[in-house]
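> below are the sequence and a predicted model for it; my questions follow.
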Amino acid sequence: MSQAPLLQRREGDVCYLTLNRPEQGNALSRELVDALDGALDDCAQRGVAAVVIEGNGRHFCTGFDLSGLTDETDDGLLARFTRIELMLQRVARAPFHTVAVAQGRVMGAGADLFAACAQRVALDGASFAFPGARGFGLVLGSRRLVQRVGAERARGWIESACVFRDTEALGAGLATACAASAEDVVLERPANRTDCLLDGAIDGHAEIDDARDLAALVRSAAVPGLRQRVADYLQKQAQARTSR
């Protein structure tokens, strides 16, 4: 029997969502994205005060699940990336405080998930990268990253696809805090649910920004040959690993 891709537990008015694909680095599969969407619905309906997103195992989230690529089509991949962008928008606009607690590798769409949360804690030794644009021409989460670290820094990270550590993430503003372990994390949640709703209400550009983000993603993903670009990226990554 396969394990659930997402674990949920409640502690008072806080809901903990644990990405539960440790053997795959908690990569975002269809099933995991569906489970996250369902959990966000449930949390909104139950009126929780805060949602903490964690990763089971060594890594927080290594990005988009690229397994089974031979069975994918360009259109199928576009649909999956679109689902992820819509899920990230829900996290960023959530009517509750959102917290990411990240260890190990925080890559690609996993780093975008981290950036979408209001409170972002990098555990000791965590590493980050945004390889999508350079790797296979995908524009995902760029504006949210710019909001966190500024345009110049965001462009540098995206264009170079560099890997950087927890201390740099903290210094740049991608992380709001560093901690030795998840047990050391202190939730900095707002006084009440209304504060989160107010944050969304006073952001007059929210819907326009979200629509522009989605349009940018679709334009980049709709360029013919997406599956081949992803396959070429995976081959280059494999060659780089064998040459070390």
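Now that the structure is in, tell me what you want to look at.

> the longest helix seen in the chain - what's its average pLDDT?
Criterion DSSP state H: the longest helix present in the chain is helix 74-92. Mean per-residue pLDDT for helix 74-92: 95.

> now stretch 139-159
For stretch 139-159, the per-residue pLDDT averages 94.

> show me which residues of that stretch are buried.
Within stretch 139-159, the residues that count as buried by 16 or more other C-beta atoms under 10 Å are 139-146, 148-149, 153-154, 157-158. C-beta here means a position set from N, CA and C on the backbone, and glycine is covered the same way.

> so what's Leu36 closest to, chain neighbours aside?
Spatial nearest neighbour of Leu36, excluding adjacent residues (C-beta to C-beta, 6 or more residues apart in numbering): Met87 at 5.7 Å.

> hang on, I meant Ala92
Ala116 (4.4 Å).

> same check, this time on Thr176
With C-beta to C-beta, 6+ apart, the residue lying closest to Thr176 is Arg120, at 4.9 Å.

> kindly report the same for Arg9.
Tyr16 (4.9 Å).

> what is that neighbour paired to in the beta sheet?
Note on Tyr16: beta-bridge partners by DSSP bridges are Arg9, Val52.

> now do stretch 119-128, average pLDDT.
Average pLDDT, stretch 119-128: 97.

> and that stretch, how far apart are its ends?
Terminal residues of stretch 119-128 are spaced 16 Å apart (C-alpha to C-alpha, to the nearest Å).

> which residues does it contact?
Stretch 119-128 is contacted from outside by 60, 97-107, 111, 114, 148, 163-166, 169-170, 174-182, 185, 187-189, using C-beta atoms under 8 Å, 6 or more residues apart in numbering.

> no further queries at this time; thank you.
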